[in-house]
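Show me how the following folds:
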Amino acid sequence: MPLAHWYHRLRRHPAAQAVHRAVVHRAVVVWGIARRAWRRSLQLRMVTITLLVSGALVGIFGAVVASQITYGLVNAKVKTALQQAEDATARAAPQLGGVTEAADTSLPGLVLQVGQTLAPTTSSPDSQVILAILPTTSRLPFGARAVVPPVSDADAAIPAGLRDLVARDKVGHQFVVADVYGNGQRRQYLVVGSPVRLSFGTFGLYYLFPLTAEQTDADLVQTTVIATGVALVLLLAVLAALTTRLVVRPVRLAARTAQRLSAGLLDQRMEVHGEDDLALLAASFNQMAQNLQRQIIRLEEMSRLQRRFTSDVSHELRTPLTTVRMAADMIFNSRSTFTASVGRSAELLQAELNRFEDLLTDLLEISRFDAGFAVLDAEPTDLVPLVRHVAERLTAFAGRCDVTLDVAVPDQPVIAEVDPRRVERILRNLIGNAIEHGEHGPVEVRLAADEDAVALTVRDHGIGLQPGDEKQVFNRFWRADPSRARQTGGTGLGLSISLEDARLHGGWLEAWGAPGAGAQFRLTLPVRAGERLTVSPLPLVPADATVEPAEPTELARTGDGHG
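Next up is the predicted model:
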């Protein structure tokens, strides 16, 4: 059966597939760890880059050095071998010159004798030089040849190209790999050929020089270069790690100190050692931290005094306000007995007292949030009648502003664990603001829910919000149109209080708006109190919006998810 068939059968096996998935999963995990380490560690990147660059440079330099040394060894061997072959040729020609005919019976013995005379002797078999005197043409007797020392296959080790070169009365050399002794061990040889010219023909004198010693020297050089290169690269990596550590360590300390400062530990400082640039960095960081601590403490003290002043003033104004309210109510109830101008003044006094009382109520609520005394009284509540109740209460106000209310709620109950008083206040603020800024357009109120969250959106078609306003609309006393008189609109605290109420529920209160396209606010609350939100049942950007949506303000979010 073909191997490919077995391979495909093995791949379809459940065990093989399980192993494949495990290997892939492990590879993905390892790759993720490596990527995170690479992205987070400056020291790792510096050491890795140093290793790669230095490894490439050392590798190139080592290859050049090793090749040059090897070339020098081989070149010296070739020069020595050529000189030895020329000397042997000069000595062999006179010794063979006494023979004048190729048919002389003494020629084979004389050739062997000359070969034994010219063959060098060595004590090591690995460095044994082989001499071969061979006839170059068939006109010379085949027996007139000599191979010293006698080997099994010296003729096969002499390349045909070198033989042709010698036959043309030229000196040459080639490198071959051959098993001359017939013991199964192939060695590299330098074969040098030189012609021995006689009156009746030409012999070829060949030396086979084993390159075992040169190969050993070249291997030693290569090993030495590799070992030296690896040691040098590792040394450079260690130096890079130490050098990078000197720079990265203060940066890491600065990062950790900055994190502690951001967590509120304002007394954290960096250690200063020496007088170098890193010491200057630490000293400058400590000076910055000290100035920040001083400013933060001063601002916290001012904020504390401001909150205390607001709370105290709000409480202290309650008593005189009650007295003024009683007198104003009596005057207002008797306005029909006054002249027209005095009656109008009584009505203005009543309206301004109402606004003043609303402002005090909002200031007291804000002071509770600032002091951390706000408590959530959550209970299972059906939000459908709650939304309808708020919309009915604001219907008269919408009529005076020539605005129509379009309320769309589910037919079935929408139950959530919320504080009904706070949710009603949020809805009243959102719908009231939409009516006031709706520019006589319709105000759409939508309620939806899923298994984990409930959401309510309030959309108007008024002037909308300028880019960036959605990040400031929840600030205290902020107004989208600074030119609007303070006599119109509310206290400027409604959305701030609504945001705090949403946060107290663990929910989101977000804003979207665009110039000329109106605005939409979205309230998202968890169905079960204390659970974390991940998504909202309603989109923040209206479906009919034709402009790019602005990013929801981060001030409005109390969770990490995005709806």
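
which regions of the stretch 351-500 of the chain lie under the pLDDT threshold?
362-363, 366-373, 478-492 (pLDDT under 70).

now the strands for it?
379-382, 405-408, 415-418, 443-449, 453-460 (DSSP state E, counting those that start in this stretch).

Let me have those in CSV, adding mean neighbour count as columns.
Heads up, the C-betas are built off the backbone N, CA and C, glycines and all. Below are those laid out as CSV (neighbours: other C-beta atoms under 10 Å):
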stretch, mean neighbour count
strand 379-382, 14
strand 405-408, 14
strand 415-418, 20
strand 443-449, 21
strand 453-460, 24
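
could you dump those strands to TSV with distance to P320?
Listed next are the strands of the stretch 351-500 of the chain as TSV, based on distance: least, C-beta to C-beta, whole Å:
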stretch	distance to P320
strand 379-382	36
strand 405-408	38
strand 415-418	36
strand 443-449	37
strand 453-460	36
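
Please identify which of those strands is closest to L198.
Closest to L198 of these, according to C-beta to C-beta: strand 453-460, at 110.7 Å.

List the neighbouring strands of the lengthiest strand in the chain plus their orientation.
Longest strand in the chain by number of residues (criterion: DSSP state E): strand 187-197. Strand 187-197 pairs in its sheet with strand 172-178 (antiparallel), strand 202-210 (antiparallel), by DSSP bridges.

deepest of those strands, which one?
When you average the neighbours per residue for each of the strands paired with strand 187-197 (mean count of other C-beta atoms under 10 Å), strand 202-210 leads with a mean of 23.

coming back round to it: from the chain's centre, how far out does the longest strand of the chain sit?
How far strand 187-197 lies from its chain's middle: 63 Å, per C-alpha atoms, centre = their mean, to the nearest Å.

same check, this time on stretch 207-226
With C-alpha atoms, centre = their mean, you get 48 Å for stretch 207-226.

So for that stretch, mean pLDDT?
For stretch 207-226, the mean pLDDT works out to 86.

how about that stretch: buried residues?
207-212, 214, 218, 221-222, 225 (16 or more other C-beta atoms under 10 Å).

any residues touching it, and which ones?
If you take C-beta atoms under 8 Å, 6 or more residues apart in numbering as the criterion, stretch 207-226 is touched by 62, 65-66, 69-70, 73-74, 77, 81, 84-85, 88, 126-132, 154, 157-158, 175, 180, 187-192.

and what of stretch 58-70?
Residues from elsewhere that reach stretch 58-70 (C-beta under 8 Å, 6+ apart): 218, 221-222, 225-226, 228-229, 232-233.

Then stretch 329-346?
328, 347, 349-350.

Ends of that stretch, what's the gap?
9 Å (C-alpha to C-alpha, to the nearest Å).

And it, what's buried?
For stretch 329-346, by 16+ other C-beta under 10 Å, it's 331-332, 335, 343, 346.

So which of those residues belong to helices?
331-332, 343, 346 (DSSP state H).

Make a markdown table out of these and add distance to V53 and pLDDT.
Shown next, in a markdown table, are these (distance: C-beta to C-beta, whole Å; pLDDT from 0 to 100):
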| residue | distance to V53 | pLDDT |
| --- | --- | --- |
| I331 | 90 | 83 |
| F332 | 88 | 80 |
| G343 | 92 | 81 |
| A346 | 88 | 82 |
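
Let's have those residues in JSON lines, adding distance to G264.
Below are those laid out as JSON lines (distance: C-beta to C-beta, whole Å):
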{"residue": "I331", "distance to G264": "53"}
{"residue": "F332", "distance to G264": "51"}
{"residue": "G343", "distance to G264": "58"}
{"residue": "A346", "distance to G264": "53"}
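
Can you check what angle separates the one helix or strand T524 maps to from strand 453-460?
Using DSSP states H and E, T524 sits in strand 518-526. Between the axis of strand 518-526 and that of strand 453-460 there is an angle of 170 degrees, by axes from the mean of the first three to the mean of the last three C-alpha atoms, to 10 degrees.

Done for today, thanks.
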